[in-house]
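Undergrad: Provided below for reference: sequence and predicted model.
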Amino acid sequence: MELTALESQFQELETPFYYYDIDLLRKTLVEVNKNIAGRPFQVHYAVKANVNTRLLVEIKNQGFGADCVSGNEVKRALEVGFPKEHIVFAGVGKTDKELQYGLENEIFAFNVESLQELQVLDELSGSMGKQSRYALRLNPNVDAGTHEYITTGKRDNKFGITFDEVREALPIIRELKNTSFIGIHFHIGSQISDISKFRDLCLKINDIHDFLAAEGFELPHINVGGGLGINYEDPINEPIPDFRTYFDLFERELKLRSGQTLHFELGRSLVGQCGSLISRVLYNKPGEGTNFLILDAGMTELLRPALYKAYHYVQNLSRVDNPSTYDVVGPICETSDAFARRIQLPESSRGDIIALRSTGAYAEVMSSRYNLREIAPSVFSDDLK
């Protein structure tokens, strides 16, 4: 249902809150499953995008695995019922305690980010009497063409190990007794809109894959990470990403061997568009060349614009006429607490309901109690029927 139809119901609720369109989430998940059907593909949801239990249950129920980057994310995935054999644990700084938790629960695999981590994993596995599985996260030096803060596959990023390090590490890998080398893992960045960047990744993977095969490593799993972007500019007309083009590219460009499984770690593209941050206008304050539209939601509920000037479509659900220019800002005592600068909105008044769209990913999960703010609640479309 379009949000404008819910304005009167939103007026009755205390703002701000996170609104989730469960029907859209389900349609998105069904679209993914439709496009991987019949292919040796496995999708793991990147839990870091949103850990809301209701969303996790919906994702689990559709047969997705879980990609975790902390011990607590592994715990949350297990608590909501993700099968342990479909949980992978990534992250550049896993603690011994976190590794031990993953080992105790016999998760599917660890995505190892450094050679030292691999040696620690082998030692902990041995001390616990476990045989763990791992994929090496490789840094392919591919520029994802996105914001520098969410690029993860370049040589100057902290993530993964280089191809040269892999060459040097092969003798060590062959000697490890308590771990099994089952795959290679990549993730070049987030919010990637240029699909050709994934072709560049595939070409790098093919070269690395061929080298490892020549060295005698027959790996049953290839993990290409995630990164597929969503349309922040026009969420109304493009609520579901083009999964068909995305998966077709990997099937066409990546040279899988017989019996191999290709893993994906999608987060934002699964949940991003189903969420909106619903807020209320507190004040309309005149400014220099603009008006400040001051909302009751701030960077404590949606950090992305303050963190790296991310764009979110702002929609006044209460009015449609008489456009005016606004800086849409929050109440937090920071100048960076701004959602949009000099945008056109219908002439807005105190009490109007404002929706900040495409906040299903990296909004609720990044919220804070800065300024001793209350944590905003979640409201689901089912609740309003």
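TA: Yes, it's here.
Undergrad: mean confidence score for the helix or strand harbouring residue 31?
TA: Using DSSP states H and E, residue 31 sits in helix 22-36. Averaging pLDDT along helix 22-36 yields 98.
Undergrad: what about dumping the CA coordinates of that helix to PDB?
TA: Only the C-alpha atoms of helix 22-36 are listed here, as PDB (Å, rounded to 0.1, in the frame of the first residue of the first chain):
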ATOM      1  CA  ILE A  22       5.900  -6.800   5.100                       C
ATOM      2  CA  ASP A  23       4.100  -7.400   1.800                       C
ATOM      3  CA  LEU A  24       6.800  -5.700  -0.200                       C
ATOM      4  CA  LEU A  25       9.500  -7.600   1.700                       C
ATOM      5  CA  ARG A  26       7.800 -10.900   0.800                       C
ATOM      6  CA  LYS A  27       7.500  -9.900  -2.800                       C
ATOM      7  CA  THR A  28      11.200  -9.000  -2.900                       C
ATOM      8  CA  LEU A  29      12.200 -12.300  -1.400                       C
ATOM      9  CA  VAL A  30      10.000 -14.200  -3.800                       C
ATOM     10  CA  GLU A  31      11.600 -12.300  -6.700                       C
ATOM     11  CA  VAL A  32      15.100 -13.400  -5.500                       C
ATOM     12  CA  ASN A  33      14.000 -17.000  -5.200                       C
ATOM     13  CA  LYS A  34      12.400 -16.900  -8.600                       C
ATOM     14  CA  ASN A  35      15.700 -15.800 -10.100                       C
ATOM     15  CA  ILE A  36      17.900 -18.300  -8.400                       C
END
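Undergrad: What helices and strands are in contact with it?
TA: Using 3 or more C-beta pairs under 8 Å, 6 or more residues apart in numbering; DSSP states H and E, the elements in contact with helix 22-36 are strand 41-46, helix 53-61, helix 243-253, helix 268-271. (Each C-beta comes from the backbone N, C-alpha and C, glycine too.)
Undergrad: Residues contacting that helix, please?
TA: 1, 42-43, 54-55, 58-59, 62-64, 239-241, 243-244, 246-247, 266, 269-271, 273-274, 360, 380-382 (C-beta atoms under 8 Å, 6 or more residues apart in numbering).
Undergrad: pull the CA atoms of the strand or helix carrying residue 202 into CSV?
TA: Assigned by DSSP H and E, residue 202 falls within helix 196-214. Only the C-alpha atoms of helix 196-214 are listed here, as CSV (Å, rounded to 0.1, in the frame of the first residue of the first chain):
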residue,chain,number,x,y,z
SER,A,196,29.6,-3.8,-14.9
LYS,A,197,31.6,-3.7,-11.6
PHE,A,198,30.4,-7.2,-10.9
ARG,A,199,31.7,-8.3,-14.3
ASP,A,200,35.1,-7.0,-13.3
LEU,A,201,34.9,-9.0,-10.1
CYS,A,202,34.0,-12.2,-12.0
LEU,A,203,37.0,-11.8,-14.2
LYS,A,204,39.3,-11.5,-11.2
ILE,A,205,37.6,-14.5,-9.5
ASN,A,206,38.1,-16.6,-12.6
ASP,A,207,41.9,-15.9,-12.6
ILE,A,208,42.2,-16.7,-8.9
HIS,A,209,40.1,-19.7,-9.2
ASP,A,210,42.2,-21.1,-12.0
PHE,A,211,45.4,-20.6,-10.1
LEU,A,212,44.1,-22.4,-7.0
ALA,A,213,42.8,-25.3,-9.1
ALA,A,214,46.2,-25.6,-10.7
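Undergrad: For residue 288, give its distance to residue 342.
TA: Taking C-beta to C-beta, to the nearest Å as the measure, residue 288 falls 11 Å from residue 342.
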